[in-house]
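Participant: sequence plus predicted model, see below.
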Amino acid sequence: MLASIAALLSGLIFGLGLILSGMGNPAKVQNFLDFFGQWDPSLALVMGGAIAVGLIAFTWAKKRRTALLGDAMQLPTNHAVDGKLLTGSALFGVGWGLAGFCPGPALMNLATLQSEVWLFVAAMLAGMWVQQLWASRSKA
């Protein structure tokens, strides 16, 4: 029960951060990527803040054997930069640039009931499903 409450509070804090930073507004994201037009550098500050918090959190987590709620610490072990990582990163970046959404803000924006957001989330879920199919067939 405590883990569920912690997960809910973490999600609410993350969502509040998305709202306050403007990450839920696709136009803000697209203006950040528009270097030769209406460039908005404020998103770089959001990213810098996220990297700083992540750096502190991961540095602290590496020194621990258990998470705050007592579960075993599970940190990534794969450090390889390979074709899968680069392809996935490129696809993420293209989708983010075209739509102005990444998964977190897209899910948050479902509450707006805008058809574009619902279409993006449907396409995102379909892409995840296709990737799972492809990965399972590649292993077989």
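Facilitator: Now that the structure is in, tell me what you want to look at.

Participant: point out where the protein drops to low pLDDT.
Facilitator: By pLDDT under 70, the chain has no low-scoring segment.

Participant: and the host helix or strand of Leu133, what does it pack onto?
Facilitator: According to DSSP states H and E, Leu133 maps onto helix 115-139. On a contact count with 3 or more C-beta pairs under 8 Å, 6 or more residues apart in numbering; DSSP states H and E, helix 115-139 meets helix 103-109. To be clear about C-beta, it is placed using only N, CA and C from the backbone, and glycine gets the same treatment.

Participant: can I get the helix it packs on in CSV? Just the C-alpha atoms.
Facilitator: Taking C-alpha atoms only, helix 103-109 is exported to CSV below (Å, rounded to 0.1, in the frame of the first residue of the first chain):
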residue,chain,number,x,y,z
PRO,A,103,4.9,10.1,-23.5
GLY,A,104,4.5,11.8,-20.1
PRO,A,105,3.0,15.1,-21.3
ALA,A,106,0.9,13.2,-23.9
LEU,A,107,-0.7,11.1,-21.2
MET,A,108,-1.2,14.2,-19.0
ASN,A,109,-2.9,16.0,-22.0
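
Participant: which residues are in contact with it?
Facilitator: With contact meaning C-beta atoms under 8 Å, 6 or more residues apart in numbering, helix 103-109 is reached by 14-15, 18-19, 23-24, 26, 29, 99, 101, 117, 120-121, 124.

Participant: buried sites along that helix?
Facilitator: The neighbour-count check on helix 103-109 (16 or more other C-beta atoms under 10 Å) flags Pro105, Ala106, Leu107, Met108, Asn109 as buried.

Participant: stretch 113-133 now?
Facilitator: Buried, per 16+ other C-beta under 10 Å, within stretch 113-133: Val117, Phe120, Val121, Met124.

Participant: for the residues you listed, which one is nearest Thr77?
Facilitator: Within the buried residues of stretch 113-133, the smallest distance to Thr77 is 26.6 Å, found for Met124 (C-beta to C-beta).
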